[in-house]
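S.K.: coordinates for the following, if possible.
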Amino acid sequence: MSLWREFEDAEVVQPFRAFAREHVKPMAAEIDRDDLYPSDLVQRAADQGFNALIVPQQYGGAGCTFRRVVSFFEEVGACSASVGISLNSNFQAQNAILRSGSEALRQRYLPRFAQGLKASYALTERNHGSDIRTLDTRAVRDGEHWVLDGQKSFITSGTGADLFIILVQTDEGLGVFAVPREAQGVSTFVSDRSETFGLRNGPHVELLLQNVRVPLDHLIGKAGEGLKVVLRNLNYSRTLNAAMAIGLARSAFEESLAYVKQRKAFDQFVFDFQGIQWYFAESLAEIDAARLLLYSAAEALDEQRDVDRHSSEAKLICCGVANRVTAQAIQVCGAYGTMVNSPFNRYWRDAKTFEIGGGSMEVLKNNVGRYLSRLDMSPCLDPSAA
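M.R.: Sure, this is the predicted structure:
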């Protein structure tokens, strides 16, 4: 009897699950403990065709629907959110280039993801945080090149990236650029703010750009439209964050349930206490509901239907559920739940960090609020009540 409903055919999900359980799960604790970028696992994902799922077949990818991509990230998140966010960084780069990049840029970089190219998405600056409407890092045009100068902060996957997708200020407004690590003037370093307690896939580096020159076609989209490119991409990546969060909620649920079913207290199994059963009943209902919302959001993105609403709702609910379920797993497992060598502290730390990274819970609520503000509700009013 399967605990969780499949939203893709079993023959699709099984290879995703096998990859996660056989290769990712055994390395999860070490990656988290040592704060490592999982280069070998990213390459293994590429070797099995999982590092370019969204990339069309003409560029060497699998050409999957976004819903299928969500299924993959849910399975990876169930085993290691740190590996998941590393692969999500690659997805963000692919998606930006695919949807907004020039054909020359697509042909240059998209086929390389199927071979194991690693990327990082660099939006944040120390003085701006979640407010990316104006930035200090700048790009100016110089003949057949753009020249970039500045510093990006707290960059996820930056320790392992071969390619950076960078949001900067231009004279026309914000612009997004593809910048290879080997470009002259690109460097990274670890600061006093680089290490997090959750989603640990290598320190979140500072990215320094000093007179970095890139060809004109490395501008993704148009100068002045960078915010549009970024926000459209965030709708996808935050939905993948939701998938990973609910995946780790599943693992916390399953493993804590297994523990209380074999752990005895006061001459009976812990699970036999009615209060404990209520905890699990509520968690199961919440996870089931969140997964329905998650795959509904995936379908909305495939159909390009109210994507800001549905992606924000999915991350808001899935991350909230993950935080509650992982905290409860610690509680019901008692002292074992708090042990450093149990998985539950990692699940909770990752779940909590998901509530902040990739769009905080407050930003997500604002997104849904803006959606509601655009609605004309006047037909719902009773004219006779005026």
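
S.K.: residue ranges with poor pLDDT in the protein?
M.R.: By pLDDT under 70, the low-scoring segments of the chain are 1, 128-131, 382-386.

S.K.: go with 80
M.R.: 1, 127-134, 381-386 (pLDDT under 80).

S.K.: domains in it, by residue range?
M.R.: 10-118, 120-224, 227-373 (automatic domain parsing).

S.K.: give me the element I166 is part of.
M.R.: strand 163-170 (DSSP states H and E).

S.K.: mind giving me the packing neighbours of that strand?
M.R.: Counting contacts by 3 or more CB pairs under 8 Å, 6 or more residues apart in numbering; DSSP states H and E, strand 163-170 is packed against helix 81-100, strand 119-122, strand 138-142, strand 145-155, strand 173-180, strand 205-215, helix 226-262. Placement of C-beta: from N, CA and C, glycine included.

S.K.: run the chain-centre distance for that strand.
M.R.: Distance of strand 163-170 from its chain centroid, counting by CA atoms, centre = their mean, to the nearest Å, is 19 Å.

S.K.: now stretch 314-334
M.R.: Counting by CA atoms, centre = their mean, stretch 314-334 comes out at 17 Å from the chain centroid.

S.K.: what of stretch 34-49?
M.R.: The answer for stretch 34-49 is 16 Å, by CA atoms, centre = their mean.

S.K.: now do stretch 361-369
M.R.: 17 Å.

S.K.: that older thread, alpha carbons of the strand holding I166, as PDB, please.
M.R.: Extracted in PDB, the C-alpha atoms of strand 163-170 (Å, rounded to 0.1, in the frame of the first residue of the first chain):
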ATOM      1  CA  LEU A 163      28.100  29.800 -15.100                       C
ATOM      2  CA  PHE A 164      26.500  32.700 -13.300                       C
ATOM      3  CA  ILE A 165      23.200  34.300 -14.200                       C
ATOM      4  CA  ILE A 166      23.500  37.800 -12.800                       C
ATOM      5  CA  LEU A 167      21.000  40.700 -12.300                       C
ATOM      6  CA  VAL A 168      22.600  44.100 -12.600                       C
ATOM      7  CA  GLN A 169      21.800  47.700 -13.300                       C
ATOM      8  CA  THR A 170      22.200  49.200 -16.800                       C
END
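
S.K.: what sits against the nearest residue to A93 once chain neighbours are set aside?
M.R.: Computed as CB to CB, 6 or more residues apart in numbering, the closest residue to A93 that is not its neighbour in sequence is A119, at 3.5 Å. Residues in contact with A119, defined by CB atoms under 8 Å, 6 or more residues apart in numbering, are S89, N90, Q92, A93, Q94, F113, S157, A161, D162, L163, F164, I165.

S.K.: go on, R200?
M.R.: I31, D32, D35, L36, S82.

S.K.: the fourth one: neighbour count?
M.R.: Okay, so that is L36. Counted by other CB atoms under 10 Å, the residues lying close to L36 total 20.

S.K.: against S187, how distant is it?
M.R.: From L36 across to S187, the span is 20 Å (CB to CB, to the nearest Å).

S.K.: G221 and V229 touch, don't they?
M.R.: Yes: between G221 and V229 there is a contact at 4.5 Å, judged by CB atoms under 8 Å.

S.K.: joint contacts of the two?
M.R.: S100, V176.

S.K.: re earlier: most neighbours among the contacts of R200, please name it.
M.R.: S82 (27 neighbours).

S.K.: isn't I165 right up against G175?
M.R.: No: counting by CB under 8 Å, I165 does not reach G175; the two are 11.4 Å apart.

S.K.: between those two, which contacts overlap?
M.R.: I220.

S.K.: export the domains of the chain to CSV and tack on distance to W4?
M.R.: Putting the domains of the chain into CSV (distance: least, CB to CB, whole Å) gives the following:
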stretch, distance to W4
domain 10-118, 9
domain 120-224, 23
domain 227-373, 6
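
S.K.: and C380, which of these is closest to it?
M.R.: For the domains of the chain, the distance to C380 is smallest for domain 227-373, at 12.7 Å, taking CB to CB.

S.K.: gap between the two ends of that closest one?
M.R.: Using CA to CA, to the nearest Å, one end of domain 227-373 lies 21 Å from the other.

S.K.: now stretch 218-231
M.R.: 19 Å.

S.K.: chain center to it: distance?
M.R.: The mean C-alpha position of stretch 218-231 is separated from the chain mean by 20 Å, CA atoms, centre = their mean.

S.K.: list the buried ones in it?
M.R.: Buried positions in stretch 218-231, judged by neighbour count with 16 or more other CB atoms under 10 Å: H218, L219, I220, G221, A223, E225, G226, L227, V229, V230.

S.K.: what's around V13, how many residues?
M.R.: Quick note: V13 (other CB under 10 Å) scores 18 neighbours.

S.K.: again, but for the one 5 residues further on
M.R.: For A18, the tally of surrounding residues (other CB under 10 Å) stands at 12.

S.K.: contact partners for the nearest residue to N201 once chain neighbours are set aside?
M.R.: Excluding its sequence neighbours, the residue lying closest to N201 (CB to CB, 6+ apart) is S82, at 4.2 Å. Contacts for S82 (CB under 8 Å, 6+ apart) come out as A28, I31, D32, P38, L199, R200, N201, D350.

S.K.: I figured the first one hits V83, correct?
M.R.: Think A28. Yes: judged on CB under 8 Å, A28 makes contact with V83 at a distance of 7.3 Å.
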